[in-house]
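Undergrad: sequence? don't have it. structure:
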Ligand SMILES: Nc1ncnc2c1ncn2[C@@H]1O[C@H](COP(=O)(O)OP(=O)(O)OP(=O)(O)O)[C@@H](O)[C@H]1O
Ligand code: SF4
Ligand SMILES: [Mg+2]
């Protein structure tokens, strides 16, 4: 039996113009409290700070970055396990960022999450049948007697023995438990799945199987995916679009080939140098790994200007003074760097300065006015900056 046989109602695709998910200027600042009896707010962890991206129905975006950069928080905001401090989460054109519990309930069917730790996310006291079947009962989707056959169909879809519905999570291996988590996420036929490092707790030999399963499911049910991972190797085969995050911000986003073959941000280039089979062009013909020096700074007090500057080998004065905007530099490619360029071809002068109305040091340039910047929202514009050519190009010119 295929997945399609078991779950007949394929999710209708969202219309071309409205993305399934449209995240705009999303922010999550967690308050930091003082110790003592009166606990005052003494600062904020800027876990997510102005993130923009879209996911279309049936497509998948990979969200990549080091530990603590805000990937899981972004996932939890999109699934509304947390309420954002600011910004919007548009799901099928409707802003769900601030809605209350009652309005959220029907959305829980449409947006599901798969977690990193397959054991921690499954209740050890419940049988697999209960774990997978409960959402069907809560949402009143099927009459009671039809729940068990549906659970068995779902077990079969994820490659488990349908007769094992009466077993407990500890009776399964790590890979099998993740399959149970996937079956549970599929129960309500979601339109969007947020997978937060779904394979990083698994043996390397099992990782590929689980990724293949997710890919099959995505195709069969036309599910949109936000796929969160630590490194660029895992998302490579799954996601046609990749976003790279650093300290609460997206620093580069684009089509897979643009990211893997023509990365423009020094952080993406460093991450790519750790991926064994990446094209040499992407890392400037270098074979050695680009070592990132120093620790990731605290998101409570992030560096001024470009947050990556304390670890960037190309940083100059402007990087401390002016935050580089995420600018569109190709049909589906954006980067946030004053010295954006492929490795070995970073410009000597800040390419952003004329657009931002500042001089090469980042100070206001007399008489200059900042330009209106196309493509800085969550979508891609049909015109973008050709930095080497120092001009704006339009899609119909290329
Ligand atoms: N509930 C919370 N209260 C305060 N700070 C939080 C909370 N949740 C997350 N943070 C902080 O927000 C930042 C981003 O955390 P997040 O879990 O989103 O990172 P991540 O990219 O998923 O990391 P990892 O790869 O380790 O899973 C971290 O500095 C983290 O300590
Ligand atoms: S803006 Fe400056 S510090 Fe930031 S990545 Fe670019 S060169 Fe490095
Ligand atoms: Mg995480």
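TA: Received it, and whenever you're ready, just let me know what you need. Just so it is clear, the model here is predicted, and its values are computed rather than measured. Ligands and ions are numbered 1, 2, ... in the order given.
Undergrad: tell me the SS of the residue positioned nearest the centre of the chain?
TA: Ranked by distance to the mean C-alpha position of the chain (C-alpha atoms, centre = their mean), the top residue is residue 63 at 2.9 Å. Classification of residue 63 by DSSP: H, G, I helix; E, B strand; the rest coil places it in strand.
Undergrad: thought it was touching residue 227?
TA: Yes. The criterion here is C-beta atoms under 8 Å, and residue 63 meets it with residue 227 at 7.0 Å. Any C-beta I mention is one placed from the backbone N, CA and C, and that applies to glycine too.
Undergrad: got the contact list for the helix ranked longest in the chain?
TA: As assigned by DSSP state H, the longest helix anywhere in the chain is helix 204-221. Applying C-beta atoms under 8 Å, 6 or more residues apart in numbering, the external contacts of helix 204-221 come out as 2-4, 7, 10-11, 58, 60, 157-159, 173-175, 178-179, 182, 186, 189, 193, 195, 198-199, 202, 223, 225, 227, 234, 237-238.
Undergrad: Narrow the residues you listed to those that are buried.
TA: Burial by neighbour count, judged by 16 or more other C-beta atoms under 10 Å, picks out 3, 7, 11, 58, 60, 157-159, 174-175, 178-179, 182, 186, 189, 193, 195, 198-199, 202, 223, 225, 227, 234, 238 from those.
Undergrad: What about those residues, which are in helices?
TA: Of the positions in these, 3, 157, 174-175, 178-179, 182, 186, 234 sit in helices, assigned by DSSP H.
Undergrad: buried residues in whichever strand in the chain runs longest?
TA: Using DSSP state E, we find that the single longest strand of the chain is strand 41-55. Neighbour-count burial for strand 41-55, counted by 16+ other C-beta under 10 Å, picks out 44-55.
Undergrad: Got the domain ranges for the chain?
TA: For the chain, automatic domain parsing gives the domain ranges 3-8+19-31+43-239, 284-397.
Undergrad: Tell me how many other residues crowd the residue of the stretch 1-150 of the chain at minimum distance from ligand 2.
TA: With C-beta to the nearest ligand atom, the shortest gap between the stretch 1-150 of the chain and ligand 2 falls at residue 65, namely 13.8 Å. The number of residues packed near residue 65 is 27, by other C-beta atoms under 10 Å.
Undergrad: nearest residue to it other than its sequence neighbours?
TA: Nearest non-adjacent residue to residue 65, counting by C-beta to C-beta, 6 or more residues apart in numbering: residue 245, 3.7 Å away.
Undergrad: Next, the one you found: phi, psi?
TA: In terms of degrees, to the nearest 10, the main-chain angles of residue 245 are phi -110, psi 140.
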